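1. Just the structure for this:
(one chain, ligands or ions: 1)
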Amino acid sequence: MPPAAAGEPSARAAPPALDATPAAPLQRRVHLPGGRARVGTHERLLPQDGESPAREVRVGPFAIDPLAVTNAWFAAFVQATGYRTEAERYGWSLVFDACLVAAAATMGAAAAPSWWRRVDGASWQRPEGPHSDLTGRLAHPVVHVSFNDAVAFAAWAGGRLPTEVEWEYAAAGGRPGARFPWGDREPDDDGAFLPCNIWQGEFPGTNSGRDGFLGTAPADAFAPNGYGLFNMSGNTWEWCADAFRVRSLTRAAKARNQQAARSKERLLKGGSYLCHRSYCYRYRIAARTGAAADSSTGHVGFRLVFDD
Ligand SMILES: [Ca+2]
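-> Numbering: from 1, shown residues only. Sure thing, here's the model as predicted:
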């Protein structure tokens, strides 16, 4: 599929065929040659996350799926293996407040921040709890999967999770140093430029959904980047292979790294449908965060890479 013209809003691009069988995603891999890659940023936007410094590194050749792993593909994995996710074994997962309007779920307060709710029975198959299902969402990214779940899926599918360097190199789509997969133009709230699935309005109270989606969007929504990869920014966070660590010698970084080590945090890239510049400016390529390896929420998924 050709890359989008610069500045062209999307969601109208003809999607590739989605299939629940594992063979289909393997056929649509994008092969990247590797070489010199620029990762990180010199901009001090969220320095506490360890985005800086920008640096040049070498990356080897690899292949990447243009799409995040979908509910359909994850269902094929579960059907083939009987796998139960950590959320299913724990009996609960974290769901964003506003997604719970229609769900008569058993809820409890989650650890801060306050807009997350622990929902008993929430899982990849029941994204808002026992009274929800995947109707209309088979082509959406799977969510409520932990890092450990993602690793198990990757082993079954013959792939692996990307490193941060591979992820940023792929997300840049041939535009080294670009802020976003489409270039540097900032998305806005009024609908003039809506290249990805993030938040429009005042977080966490008002989301106009001008980009078409209040929660997850189909994995192939919006225009792909220059390498033909969809939704590297926004929609769902994506687990990466790296342990989360901030490269800094400050006292705050040391405390953050100790916390990350205690929780066995792993790296997440790409931001989600809950990101907005005013609150969580993490739909940038260089942005990053971490979460415990066994944790799951309604806005975290993953995509696979493959060694040639
Ligand atoms: Ca949205």
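
2. Could I get the full set of strands for the protein?
-> 30-32, 35-39, 55-59, 62-64, 92-96, 107-109, 116-120, 237-243, 265-269, 289-292, 300-301, 305-306 (DSSP state E).

3. Please identify the pairing partners of the fourth one and their relative orientation?
-> Strand 62-64 has the following sheet partners, assigned by DSSP bridges: strand 30-32 (antiparallel), strand 305-306 (antiparallel).

4. Identify the residues contacting the longest one?
-> The reference is to strand 30-32. With contact meaning C-beta atoms under 8 Å, 6 or more residues apart in numbering, strand 30-32 is reached by 61-66, 169-170, 227-229, 308. Where you see a C-beta, it was placed from the backbone N, CA and C, and this is true even at glycine.

5. Next to the ion in this structure, residues from the stretch 151-300 of the chain, please.
-> By the rule C-beta under 5 Å from the ion, the part of the stretch 151-300 of the chain lying against the ion is 197, 211, 213, 273.

6. By neighbour count, which of those wins?
-> Within those, most neighbours by other C-beta atoms under 10 Å means N197, with 29 neighbours.

7. got a pLDDT number for it?
-> For N197, the model assigns a pLDDT of 98.

8. farthest residue from the center of this structure?
-> Farthest-out residue of the chain from its mean C-alpha position, per C-alpha atoms, centre = their mean: R251, at 29.0 Å.

9. Quick one: residues contacting that residue.
-> Applying C-beta under 8 Å, 6+ apart to R251 gives no contacts.

10. Can we start the residue count at 101 from this point?
-> Sounds good: first residue 101 from here, last item R351.

11. Distance-wise, check it relative to Q358.
-> From R351 across to Q358, the span is 11 Å (C-beta to C-beta, to the nearest Å).

12. Same check on E302?
-> 34 Å.

13. What segments of the stretch 151-300 of the chain are helices?
-> When secondary structure is read from DSSP state H, counting those that start in this stretch, the stretch 151-300 of the chain shows helices at 171-181, 186-190, 247-257, 264-272.

14. Please identify the most buried of those helices.
-> With neighbours defined as mean count of other C-beta atoms under 10 Å, those peak in mean count at helix 264-272, which reaches a mean of 24.

15. ok, back up a step: which one's more surrounded, E302 and Q358?
-> Between E302 and Q358, counted using other C-beta under 10 Å, the more crowded position is E302 (13 against 10).

16. what's the neighbour count on the spatially closest residue to that one that is not a sequence neighbour?
-> Distances taken as C-beta to C-beta, 6 or more residues apart in numbering place S378 nearest to E302, at 7.4 Å, with adjacent residues excluded. Neighbour count for S378, taken as other C-beta under 10 Å: 11.

17. is it true that S378 touches P304?
-> No. Applying C-beta atoms under 8 Å, one finds S378 not in contact with P304, separated by 10.8 Å.

18. spatially speaking, which residue is in the middle of the protein?
-> Ranked by distance to the mean C-alpha position of the chain (C-alpha atoms, centre = their mean), the top residue is W337 at 2.1 Å.

19. quick one: contacts for that one?
-> Residues near W337 by C-beta under 8 Å, 6+ apart: 368-372, 389, 399-401.

20. hmm, 10 Å instead?
-> Residues in contact with W337 (C-beta atoms under 10 Å, 6 or more residues apart in numbering) are 168, 241, 243, 367-375, 382-383, 388-389, 391, 397, 399-402.

21. P153 now?
-> Contacts of P153 by C-beta under 10 Å, 6+ apart are 139-142, 147, 347-348.

22. Can I get those in a markdown table including neighbour count, distance to E228 and pLDDT?
-> Formatted as a markdown table, these follow (neighbours: other C-beta atoms under 10 Å; distance: C-beta to C-beta, whole Å; pLDDT from 0 to 100):
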| residue | neighbour count | distance to E228 | pLDDT |
| --- | --- | --- | --- |
| V139 | 24 | 35 | 94 |
| G140 | 21 | 36 | 96 |
| T141 | 21 | 35 | 96 |
| H142 | 11 | 40 | 94 |
| P147 | 16 | 35 | 91 |
| R347 | 12 | 37 | 90 |
| S348 | 16 | 38 | 89 |
